[in-house]
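>>> Have a look at this prediction, sequence included:
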Amino acid sequence: MGECKSPTVIPQQMQCFTKRSATWWDKNSATGVLHKYGEVMFDQMKKVLQEKWFISDASVALKNFKLLDAGCGGGILSEQFARTGCTVVGIDVNESLINVAKQHQALDSSLVNLSYSWETIEDHAARNPGKYDVVVLNFVLSHARHRETLVRSCIQALRPGGIFFVTAANKTIAGWLRIVLLEQIIHGILPKNSHSWKLLYSLSKLRRVLAQNACVVKEYRGLMFCRDTSLLKWVDDTAGFYFVYAIKE
Ligand SMILES: C[S@@+](CC[C@H](N)C(=O)[O-])C[C@H]1O[C@@H](n2cnc3c(N)ncnc32)[C@H](O)[C@@H]1O
C-alpha cells in the first residue's frame, strides 16, 4: 500500500491516514469526527445545489450532474452524494483509503454511479479539464502541501458555471486555539497530530486564490463544535473550520 508521488503529499499525514484506514467507517473511532463534520457539510452542500439549480427532489434531479470528490479518503461524502443520484468520482492519493472506499461501496449494490481512482488531484484535473459540474474539496487543504496548486487543479476540473465547495481549518490565532489546542490537544475530539499551525489554511488566502482563478465566492461561514451538546453549529465566525461555496465564471 502506498501513496502517489507528488509535492502536494505530506508523508507523515499519509501514515496517519493509513493507520486509521481500517476503522475509517467506524463512527466510534478517531475518524468519527470526520463523519460528524461530513454530515453537516453534506447537508449544506446539498442545500446549495438544490437552491442553485431549483431542485425540489434531490434524488431525482441531481442525477444529471457529475461531481468530483477531490481527496475523498474512504468515501464518506462520495457515497452520500452518489445516493442523491449524481455521477460521482472519488480520487485520493492514499491507496489504503481508496481500497477502503471501494470495499465499502461494494456493500451497497445501488452505488453504480460511483467510481474511485487512486491518483492526485493535480493529475486527475490535468486529464479532465472542465469535466465536472461540482467539485468538493472537503478537509483536504489542512493535510497537504502546495495548497494553491490543489485549489487551482480543482477549478481546472470544473466547468464554467460549476460549483466549488471547499472546507478547511482557518489559519488564525483563534482558529489554532480552537482547533489545535482545544479540540485536538485538550479535548481529543480531533485525532492526535491531525492539525498544526503550519497546515492551517487561511480563508483570506483561499478567497484570493479563488478570485485570481475566476471563481466568485457566493457564501462562506464557520462551523463550531459545542462540547455541551456534542453538536456542530453554523456560526458567522470563520476563525475555526470554514465552508466556502464559489462559482466558476
Ligand atoms: C481528512 S481526509 C478527508 C477525506 C474526505 N474528503 C472526507 O471528508 O471524508 C484528507 C484526505 O486528503 C487526501 N489528500 C491529501 N493530499 C491529496 C492530493 N494531493 N490529492 C488527492 N488527495 C489528497 C488524503 O489522502 C486524505 O484522504
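Sure thing, it's come through. Numbering: from 1, shown residues only.
>>> Just confirm yes or no for the one helix or strand N99 maps to near the ligand.
Using DSSP states H and E, N99 falls within helix 95-105. Yes: judged by CB under 6 Å from any ligand atom, helix 95-105 and the ligand are in contact via L97. Where you see a C-beta, it was placed from the backbone N, CA and C, and this is true even at glycine.
>>> Can you give the distance from that helix to the centre of its chain?
16 Å (CA atoms, centre = their mean, to the nearest Å).
>>> again, but for stretch 204-214
Taking the mean of its C-alpha atoms, stretch 204-214 sits 18 Å from the chain's own mean (CA atoms, centre = their mean).
>>> Ok, stretch 66-81 next?
Centroid displacement of stretch 66-81 relative to its chain, using CA atoms, centre = their mean, is 8 Å.
>>> can I get the CA coordinates of it in PDB?
Extracted in PDB, the C-alpha atoms of stretch 66-81 (Å, rounded to 0.1, in the frame of the first residue of the first chain):
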ATOM      1  CA  LYS A  66     -21.000  15.000 -12.500                       C
ATOM      2  CA  LEU A  67     -19.300  15.500  -9.100                       C
ATOM      3  CA  LEU A  68     -15.600  15.200  -8.200                       C
ATOM      4  CA  ASP A  69     -14.800  14.400  -4.600                       C
ATOM      5  CA  ALA A  70     -11.200  15.500  -4.500                       C
ATOM      6  CA  GLY A  71      -9.300  13.800  -1.700                       C
ATOM      7  CA  CYS A  72     -12.200  11.500  -0.900                       C
ATOM      8  CA  GLY A  73     -10.500   9.400   1.700                       C
ATOM      9  CA  GLY A  74     -12.600   6.300   2.500                       C
ATOM     10  CA  GLY A  75     -15.600   7.800   0.600                       C
ATOM     11  CA  ILE A  76     -17.800   9.200   3.300                       C
ATOM     12  CA  LEU A  77     -19.000  12.100   1.200                       C
ATOM     13  CA  SER A  78     -18.700  10.300  -2.100                       C
ATOM     14  CA  GLU A  79     -21.300   7.700  -1.100                       C
ATOM     15  CA  GLN A  80     -23.700  10.400   0.300                       C
ATOM     16  CA  PHE A  81     -23.500  12.300  -3.000                       C
END
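>>> Fine by me, thanks again.
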